[in-house]
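Enquirer: starting from these lines, generate the structure:
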Amino acid sequence: MKPSIVVQDLTKIYNLYNSPQDRLRETLKMTRKSLHKEFYALKHVSFDVFPGETVGIIGKNGAGKSTLLKIITGVLTQTSGSVQINGRISALLELGAGFNPEYTGLENVYLNGTILGYSREEMDVRLQNILDFADIGEFIYQPVKSYSSGMFMRLAFSVAINVDPEILIIDEALSVGDILFQTKCFKKIQEFKESGKTILFVSHSLNNIIQYCDRCIVMNDGEKIAEGESAPMVDLFKQILTTPKDQKAQITSLVNSYSVTSSTEDVTQTLKEHLILNKDFLEYGSRELEIVDFGIVDAFGHISNIIDSKKSFQIIMRIRAFQEKKMPIFAFSIKDIHGVEVTGTNTMYNNIDTGHLMPGDCIEVAFSQSIPLPGNGYILSLGCTGYEKEDFVVYHRLYDIAPIQTINEKQMVGYFDPDSNISLRKY
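Expert: Model (predicted):
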């Protein structure tokens, strides 16, 4: 089968200057000395995408994902290497690409059609489908500079999918917009897959990558470091996400020896250094008991901010006692992005005897559970409290200390996955 997209040894280099004057001096050849440093946005990237495949691309910010898509779609020119496209391509890149903000939405529909090689008459045939899908009403006659980001995305996606592309390329744009429109978009993507069309999809939503992509490419520092089935690649990315940027040897080791079941973290070492932490967390308390370390450990034993809602994971706290305390209470809570506490528990609620701590004692508390939350972003808080006589005392609290990203392959509404088993019968 002939590939729809062939990327061969693709490299993109930018020249970085310390000042505009250095750029001008070098351009005018006013010096023989090189005044720039080379930055490799992409480095020798190669892969194929075949008809009917949906391929995801994931990586940290700055990994080269958007640069790659811009070269594939012709927005940027590579420094070396080649890209071969076999089929009509339509792209939904960052908001603003291909739209003139001074034109109305309607004028931009025809402008995009012209860019894609359609005549006005051909776009007339497609216009009603575009308007119906975008569903922005009279705003279609207003300049797009007055649009919200959600309205802009509605129109851009509607144009992209209604021009009969054989190849659809999407760069994170579906993170904008309300849940109903996103649902409509992903339904359309599913229809594209079923009709045998090719989709290349960049997203920070690991749920979407697992749910919609047949396979996945992992990018890091401009290089393709791994490629394979989506779920294992997402798990690999979770480990890379918490690996310091300067530890390239550690990332290479992860890729070379990667196994979902064998890459277990040693939780006897410091945990929190492996997590992404919130710099704006709130900390207070008497510190008579202190939370000295903590971590989130997923079902495979990896310390990670990303968990699978369907699988068991642990929240671990390590506490050191500086004063004698009886029956301290250890707690965690999880809030959504709006600050609403969606779940949490503590040792008192679970009737756990936490004992009698003396100065110098250290204790590790592990909360093991699965939390059937929708795939989304949340934030973790930790606490160590207790009762002294009748008084409630806070020893140490870490509010909003670490983000948690949940992965759930199913879509749902509300705060939790009912995990329904659905059966059908005729009667």
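
Enquirer: okay, CA-based contacts and neighbour counts for the rest of this
Expert: Noted.

Enquirer: where along this structure do the helices fall?
Expert: Ranges of helices in the chain, per DSSP state H, are 20-27, 65-72, 105-115, 120-134, 149-161, 179-194, 206-212, 230-241, 248-256.

Enquirer: now mean neighbour count too, for the ones you listed, in JSON lines please.
Expert: Converted to JSON lines, the helices of the chain look like this (neighbours: other CA atoms under 10 Å):
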{"stretch": "helix 20-27", "mean neighbour count": "14"}
{"stretch": "helix 65-72", "mean neighbour count": "21"}
{"stretch": "helix 105-115", "mean neighbour count": "20"}
{"stretch": "helix 120-134", "mean neighbour count": "16"}
{"stretch": "helix 149-161", "mean neighbour count": "22"}
{"stretch": "helix 179-194", "mean neighbour count": "14"}
{"stretch": "helix 206-212", "mean neighbour count": "21"}
{"stretch": "helix 230-241", "mean neighbour count": "22"}
{"stretch": "helix 248-256", "mean neighbour count": "14"}
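
Enquirer: out of the ones you listed, which gets nearest to residue 397?
Expert: Distance to residue 397, taken as CA to CA, is lowest for helix 230-241 among these, at 26.0 Å.

Enquirer: helices or strands up against the closest one?
Expert: Contacts defined by 3 or more CA pairs under 8 Å, 6 or more residues apart in numbering; DSSP states H and E place helix 230-241 against strand 54-59, helix 206-212, strand 215-220, helix 248-256.

Enquirer: for the third one, output the C-alpha coordinates as CSV.
Expert: Looking back up the chat, that one is strand 215-220. Provided in CSV are the C-alpha atoms of strand 215-220 (Å, rounded to 0.1, in the frame of the first residue of the first chain):
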residue,chain,number,x,y,z
ARG,A,215,-0.3,4.2,16.8
CYS,A,216,1.7,7.0,18.2
ILE,A,217,5.0,8.8,17.7
VAL,A,218,6.9,10.2,20.7
MET,A,219,9.0,13.4,20.1
ASN,A,220,11.6,14.8,22.4
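
Enquirer: pull up the pairing partners for that strand, direction included.
Expert: Looking at strand 215-220 with DSSP bridges, its partner strands are strand 54-59 (parallel), strand 223-228 (antiparallel).

Enquirer: related to what we said a few turns ago, between the helices of the chain, which one is closest to residue 222.
Expert: Across the helices of the chain, residue 222 has its closest neighbour in helix 65-72 (7.9 Å, CA to CA).

Enquirer: give me the buried positions along stretch 376-393.
Expert: For stretch 376-393, a neighbour-count test (16 or more other CA atoms under 10 Å) marks 377, 378, 379, 380, 381, 382, 383, 384, 385, 386, 393 as buried.

Enquirer: contacts only, for the third one.
Expert: For residue 379, the contact set (CA atoms under 8 Å, 6 or more residues apart in numbering) comprises 334, 335, 336, 337, 400, 401, 402, 403, 404.

Enquirer: show me just the buried residues among those residues.
Expert: For the contacts of residue 379, buried by 16+ other CA under 10 Å: 334, 335, 336, 400, 401, 402, 403, 404.

Enquirer: now for the spatially closest residue to the second one that is not a sequence neighbour, how many residues are close by?
Expert: To tie it back to what came earlier, the one meant is residue 335. Leaving aside its sequence neighbours, residue 335 sits nearest to residue 341 (CA to CA, 6 or more residues apart in numbering; 4.1 Å). Per other CA atoms under 10 Å, the neighbour tally for residue 341 reads 15.

Enquirer: what does residue 29 give?
Expert: Residue 29, neighbours per other CA under 10 Å, totals 11.

Enquirer: how much space separates it from residue 304?
Expert: 50 Å (CA to CA, to the nearest Å).

Enquirer: what's the answer for residue 283, then?
Expert: For residue 283 relative to residue 304 (CA to CA), the value is 22 Å.

Enquirer: just want to know which of the two has more residues nearby.
Expert: Per other CA under 10 Å, whichever of residue 283 and residue 304 has more neighbours is residue 304, with 25 against 14.

Enquirer: how close does that one get to residue 78?
Expert: In this structure, residue 304 and residue 78 are 35 Å apart, going by CA to CA.

Enquirer: residue 10 too?
Expert: 7 Å.

Enquirer: kindly report the same for residue 310.
Expert: Relative to residue 78, and taking CA to CA, residue 310 is found at 42 Å.

Enquirer: residue 46 now?
Expert: Plainly put, residue 46 is 13 Å away from residue 78 if you go by CA to CA.

Enquirer: so what sits against both of these two?
Expert: What both residue 46 and residue 78 touch, as defined by CA under 8 Å, 6+ apart, is the set residue 10.

Enquirer: of these two, give the one with the bigger neighbour count.
Expert: Higher neighbour count among residue 46 and residue 78: residue 78, with 19 against 16, using other CA under 10 Å.

Enquirer: and that one, what does it touch?
Expert: 10, 11, 12, 13, 71.

Enquirer: again with residue 158
Expert: Contact analysis of residue 158 by CA under 8 Å, 6+ apart lists 130, 131, 133, 134.

Enquirer: what's the weakest-modelled helix or strand in this protein?
Expert: Lowest on mean pLDDT, DSSP states H and E among the helices and strands of the chain sits helix 248-256, with a mean of 62.

Enquirer: assess the claim that residue 80 and residue 11 are in contact.
Expert: Yes. Judged on CA atoms under 8 Å, residue 80 makes contact with residue 11 at a distance of 5.2 Å.
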